[in-house]
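[1] My questions are about this predicted structure, shown below with the sequence.
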Amino acid sequence: MALAGGCSLVGETSDARRIDASPVRVHGVVDRAVPVKGGTTFRVSYRVEGRGFATEDLPVGQVAEPAIPTVGTTVCLEASAEHPETVRLCGQRYPGGDDMIPAEGLIVVAGTAGTLMAAGWILMVIRQERRENRRSVSAAHATDLTSAGTEA
């Protein structure tokens, strides 16, 4: 969980830096809206320097807009000039939406804490089992020595 959240966080940050390094403002058009559980997924098509691109990763409809976008709605985008497939909504800092960064950060923290707690618990159980094994071996050895001393 921590690894997935961390990779996603690094990817979002890297994509934001690419766009910030050489931003190009373009207009995209919602060309598909698919209802899914919990909302709608929108595909946005856009052109940069004559080349066509499309993305379904943008949080279209989740930011404050006058209405829910429909097919044909124009959307303001910022793309990276060097990597035009890297795009975000105008006014956003990260391609996945600014709300994703705190959520991904919490996933990383929670996943790391959970992993450390599980590792600590496993280590504690292993140490306890070793102590019990040593005690039983010591007790058996002491019993053997005691019985050997009485036989002699």
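    Noted; the coordinates are in hand.

[2] List the buried residues of the strand ranked longest in the chain.
    The longest strand of the chain (DSSP state E) is strand 23-36. Residues of strand 23-36 classed as buried: Val24, Val26, Gly28, Val29, Val30, Ala33 (neighbour count, 16 or more other C-beta atoms under 10 Å). Heads up, the C-betas are built off the backbone N, CA and C, glycines and all.

[3] Pick the one among the residues you listed closest to Thr73.
    Val30 (4.5 Å; C-beta to C-beta).

[4] Neighbours of the spatially closest residue to Ala81 that is not a sequence neighbour, how many?
    For Ala81, ignoring the flanking residues on the chain, the nearest one in space by C-beta to C-beta, 6 or more residues apart in numbering is Ser22 at 3.8 Å. For Ser22, the count of nearby residues is 12 (other C-beta atoms under 10 Å).

[5] per-residue confidence at Ser22?
    For Ser22, the model assigns a pLDDT of 85.

[6] Contact partners for it?
    Applying C-beta atoms under 8 Å, 6 or more residues apart in numbering to Ser22 gives the contacts Ser80, Ala81, Glu82.

[7] Could you measure from it over to Ile122?
    48 Å (C-beta to C-beta, to the nearest Å).

[8] Surely Thr74 touches Val44?
    No: look at Thr74 against Val44 with C-beta atoms under 8 Å: they stay out of range, at 9.6 Å.

[9] who wins for neighbours among the contacts of Ser22?
    So for those (other C-beta under 10 Å), the most neighbours sit at Ser80, 22 neighbours.

[10] For the buried residues of strand 23-36, work out which two are farthest apart.
    Val24 and Ala33 (25.1 Å).

[11] where along the chain do the helices fall?
    In the chain, the helices defined using DSSP state H lie at 2-21, 100-151.

[12] Can you tell me what sits against stretch 47-64?
    Against stretch 47-64 from outside (C-beta under 8 Å, 6+ apart): 24, 26, 30-31, 39-46, 68-69, 75, 77, 79, 81, 84-85, 87-89, 91-92, 95-97, 99-100.

[13] so where's this protein uncertain?
    1-11, 62-67, 95-110, 137-152 (pLDDT under 70).

[14] what do you get if the cut-off is 90, keeping everything else the same?
    1-23, 32-42, 49-50, 55-73, 75, 81, 86, 88-121, 123-152 (pLDDT under 90).

[15] number of nearby residues for the closest residue to Ala79 other than its chain neighbours?
    Among residues not flanking Ala79 along the chain, Val87 sits closest, at 4.4 Å (C-beta to C-beta, 6+ apart). By other C-beta under 10 Å, 25 other residues sit near Val87.
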